[in-house]
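S.K.: Sequence plus predicted model, see below.
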Amino acid sequence: GTTLGASAAESGRYFGTAVAANKLSDSTYVGILNREFTMVTAENEMKIDATEPNQGQFSYGNADRIVSHAKGQGMRVRGHTLAWHSQQPGWMQNMSGSALRSAMLNHVTQVATHYKGQLYSWDVVNEAFADGSSGARRDSNLQRTGNDWIEAAFRAARSADPDTKLCYNDYNTDDWGQAKTQAVYNMVRDFKSRGVPIDCVGFQSHFNSGSPYPSSYRTTLSSFAALGVDVQITELDIAGASGTTYGNVTKDCLAVARCNGITVWGIRDSDSWRSGDSPLLFDGSGNKKAAYTSVLNALNGG
Ligand code: G3I
């Protein structure tokens, strides 16, 4: 293939990017988006603060613009994200206990119902585990409602939208030897053994010197897949955009049958949440970088 999306499709995979609604009027941005990508994630527009800014008042304008653009181009959409400790609206940040649990479940139900049947997958729960060596859950107002909040969110999402893949999504879960990776693995294994509805695990894959691409990455992807879930690379960016590393990440996904696809976290370096690291596949002017060619060649078996 001659584009990322067409090349990924040759093995039945997708190649996606994060999209910001306010850039859909930028013709350079949209030109690359429409040419190269077959999957879209809303960078911020489906998060809790965007979709339920006031309790019980739902707001889908920017998210729907992204979904509509994607559909018009024959692209699919990964939903991101229904339950997260971050980017909660003020009203939710101040809640706790059973009131918060009900509000969280209502949010999951309402938003998953709004998009019922329209999305490829949902990141039902994002970033629920702590960094470091504890392997513990991250402390948050959601966690303090009870350890079963994650499975409750997955069950609510399944009830609302039975045909969309339901994912757990996190970062620093790439190195098989890390406690956080093992803790997520144990949760997924437990969910599968008890019939909690989970279909996929997202590996954000924000790599930099502090969290480098690990040599065990392929082992991690294949080990999770062996539990009976799909795996997806959901927010890939690499500080400095080493072509070798981008190529290796791509080959690791291709080597795992249940790795459905790769999403990069933005189009041009200037679109990145950490633009100072120049971590993406296109420069600020929209030119293809060396890392682009490495990914394309890897997708084409090179
Ligand atoms: O839209 C407001 C704008 O109205 C306001 O004037 C401005 C002033 O701060 O803020 C704007 O909101 C910002 C938003 O991005 C949109 O640009 C927020 O402050 C800023 O915090 C937010 O950052 C996002 C970040 O998540 C928040 O957690 C990044 O764009 C987004 O790339 C990033 O994405 C996350 C994934 O969801 C989860 N994994 C990690 C990843 C990177 O942090």
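M.R.: Looks like it came in fine.

S.K.: what's the residue lying closest to residue 190 once chain neighbours are set aside in contact with, if anything?
M.R.: Leaving aside its chain neighbours, residue 190 sits nearest to residue 196 (7.7 Å; criterion: C-beta to C-beta, 6 or more residues apart in numbering). For the C-beta atoms, the positions are set from N, CA and C on the backbone; glycine is no exception. By C-beta atoms under 8 Å, 6 or more residues apart in numbering, the contact set of residue 196 is 151, 154, 155, 190.

S.K.: sec struct for residue 196, please.
M.R.: Put simply, residue 196 is coil when judged by DSSP: H, G, I helix; E, B strand; the rest coil.

S.K.: The ligand versus that one, what's the distance?
M.R.: 22 Å (C-beta to the nearest ligand atom, to the nearest Å).

S.K.: For residue 144, what are phi and psi?
M.R.: The phi and psi values for residue 144, taken as degrees, to the nearest 10, are phi -70, psi -10.

S.K.: Which strand or helix spans residue 220?
M.R.: Using DSSP states H and E, residue 220 maps to helix 217-225.

S.K.: That helix - contacts with which helices or strands?
M.R.: helix 179-194, strand 200-203, strand 230-238, helix 243-254 (3 or more C-beta pairs under 8 Å, 6 or more residues apart in numbering; DSSP states H and E).

S.K.: so it versus strand 230-238, what angle?
M.R.: 150 degrees (axes from the mean of the first three to the mean of the last three C-alpha atoms, to 10 degrees).

S.K.: Pull helix 217-225 out as PDB, backbone CA atoms only.
M.R.: Presented in PDB, the C-alpha positions along helix 217-225 are these (Å, rounded to 0.1, in the frame of the first residue of the first chain):
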ATOM      1  CA  TYR A 217       6.500  -5.200  24.100                       C
ATOM      2  CA  ARG A 218       5.600  -8.100  21.700                       C
ATOM      3  CA  THR A 219       5.600 -10.500  24.600                       C
ATOM      4  CA  THR A 220       3.200  -8.200  26.500                       C
ATOM      5  CA  LEU A 221       0.800  -7.900  23.500                       C
ATOM      6  CA  SER A 222       0.800 -11.700  22.800                       C
ATOM      7  CA  SER A 223       0.400 -12.500  26.500                       C
ATOM      8  CA  PHE A 224      -2.700 -10.400  26.800                       C
ATOM      9  CA  ALA A 225      -4.100 -11.700  23.500                       C
END
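
S.K.: Any chance you could list what contacts it?
M.R.: Contact with helix 217-225 is made by 173-176, 181, 185, 188, 201, 203, 214, 231, 248-249, 252-253, 255-259, as judged by C-beta under 8 Å, 6+ apart.

S.K.: again, 10 Å this time
M.R.: When contacts are defined by C-beta atoms under 10 Å, 6 or more residues apart in numbering, helix 217-225 is touched by residues 168, 173-178, 181-182, 184-185, 188-189, 200-201, 203, 205, 207, 214, 216, 230-233, 245, 248-249, 251-259.

S.K.: Narrow those to just the buried residues.
M.R.: Buried subset of the contacts of helix 217-225 (neighbour count, 16 or more other C-beta atoms under 10 Å): 168, 173-176, 178, 181-182, 184-185, 188, 200-201, 203, 205, 207, 214, 216, 230-233, 245, 248-249, 251-254, 256, 258-259.

S.K.: Pull up the residues of the chain that are close to the ligand.
M.R.: 43, 44, 86, 87, 126, 171, 204, 235, 273 (C-beta under 6 Å from any ligand atom).

S.K.: can you give me the strands for this protein?
M.R.: Using DSSP state E, the strands of the chain run over 14-19, 39-42, 76-84, 121-126, 165-170, 200-203, 206-207, 230-238, 259-264.

S.K.: Output the contacting helices and strands for the shortest one.
M.R.: Which is strand 206-207. Applying 3 or more C-beta pairs under 10 Å, 6 or more residues apart in numbering; DSSP states H and E, we find strand 206-207 packed against strand 230-238, helix 243-254.

S.K.: Span of stretch 136-154 from start to end?
M.R.: 19 Å (C-alpha to C-alpha, to the nearest Å).

S.K.: will you turn the helices and strands packed on helix 217-225 into JSON lines that also has mean pLDDT?
M.R.: Output for these, formatted as JSON lines (pLDDT from 0 to 100):
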{"stretch": "helix 179-194", "mean pLDDT": "98"}
{"stretch": "strand 200-203", "mean pLDDT": "99"}
{"stretch": "strand 230-238", "mean pLDDT": "99"}
{"stretch": "helix 243-254", "mean pLDDT": "98"}
